[in-house]
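Trainee: model this:
(chains A and B)
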Amino acid sequence: GAGVSQSPSNKVTEKGKDVELRCDPISGHTALYWYRQRLGQGLEFLIYFQGNSAPDKSGLPSDRFSAERTGGSVSTLTIQRTQQEDSAVYLCASSPRATQYFGPGTRLLVL
Amino acid sequence: GNSVTQMEGPVTLSEEAFLTINCTYTATGYPSLFWYVQYPGEGLQLLLKATKADDKGSNKGFEATYRKETTSFHLEKGSVQVSDSAVYFCALSKGPEGAQKLVFGQGTRLTINP
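Mentor: The predicted structure follows:
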């Protein structure tokens, strides 16, 4: 079946612009996660959605970052006023219970 | 807080060599432990996992044993192949099932030469 998909696969933007990254989870998965992977580093947790519960935003690095999940399915991660340190691969994962299934990521480059 | 430390790479081996990638963790209580693999040009995939002490996770010839006494989850394979070339991430999660934020190590890039 279809896996987790993310779009765009690559995004180049100018410093100060806003960007939106999209994640389509596996159908039926109630949990959705966003992670960030900076060059040469491990993945950092950003935010977690579970069903209709309030999201766990404890990993968001600043108030420029926000995310929403509509209808318990598609999620959008928004970064406002992008900075060069936001350059990274942004990964989305979904989960039916314990095991997380990752998408291919969006590679963001802020010039 | 929770953290994972894994063997720094890159690691380069010849085909059929024995592989060990070390991973140690810091966490309170009993986390679940994972190894994820990222093949070139592909997304992150779960390789194996263990959810309690002394459990052994295994897949594709890889094994790792959850050692609570040494807080370790080292990845091993007896005979590596060129197709095993990838980046390997050790991770832990702690939380109620279905709410398991993963904490990752830095990743170890493995290259297998024919």
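Trainee: how close does A:Gln6 get to A:Val74?
Mentor: Going from A:Gln6 to A:Val74 by CB to CB, to the nearest Å gives 11 Å. C-betas here are computed from N, CA, C, even on glycine.
Trainee: looking at those two, which one has more neighbours?
Mentor: More crowded of A:Gln6 and A:Val74, by other CB atoms under 10 Å in any protein chain shown: A:Gln6, with 22 against 14.
Trainee: contact partners for the residue lying closest to that one once chain neighbours are set aside?
Mentor: Leaving aside its sequence neighbours, A:Gln6 sits nearest to A:Gly103 (CB to CB, 6 or more residues apart in numbering or on different chains; 4.1 Å). Contacts for A:Gly103 were tallied using CB atoms under 8 Å, 6 or more residues apart in numbering or on different chains; they are A:3-6, A:23-24, A:91-93, B:43.
Trainee: same question for B:Lys68.
Mentor: Shown in contact with B:Lys68 (CB under 8 Å, 6+ apart): B:30, B:53-54.
Trainee: return only those of these found close to chain A.
Mentor: Filtering the contacts of B:Lys68 for proximity to chain A by CB under 8 Å from any CB of the partner chain leaves nothing.
Trainee: thinking again about what came up before, of the contacts of A:Gly103 - the most surrounded one?
Mentor: With neighbours taken as other CB under 10 Å, the top of the contacts of A:Gly103 is A:Cys92, carrying 28 neighbours.
Trainee: extract the CA atoms of the helix or strand containing that one and return them as PDB.
Mentor: If you go by DSSP states H and E, A:Cys92 is part of strand A:88-95. Only the C-alpha atoms of strand A:88-95 are listed here, as PDB (Å, rounded to 0.1, in the frame of the first residue of the first chain):
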ATOM      1  CA  ALA A  88      17.400  20.900   7.100                       C
ATOM      2  CA  VAL A  89      15.500  17.800   6.000                       C
ATOM      3  CA  TYR A  90      12.000  17.800   7.500                       C
ATOM      4  CA  LEU A  91      10.700  14.300   8.000                       C
ATOM      5  CA  CYS A  92       7.100  13.200   8.700                       C
ATOM      6  CA  ALA A  93       6.200   9.900  10.200                       C
ATOM      7  CA  SER A  94       2.800   8.200  11.000                       C
ATOM      8  CA  SER A  95       2.000   5.400  13.300                       C
END
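Trainee: each with direction, which strands does that strand pair with?
Mentor: Sheet pairing here is set by DSSP bridges, and for strand A:88-95 it gives strand A:31-37 (antiparallel), strand A:101-102 (antiparallel), strand A:106-110 (antiparallel).
Trainee: now mean pLDDT too, for these, in CSV please.
Mentor: Listed next are these as CSV, based on pLDDT from 0 to 100:
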stretch, mean pLDDT
strand A:31-37, 94
strand A:101-102, 91
strand A:106-110, 96
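Trainee: among the ones you listed, which is nearest B:Glu69?
Mentor: strand A:31-37 (30.0 Å; CB to CB).
Trainee: that'll do, ta.
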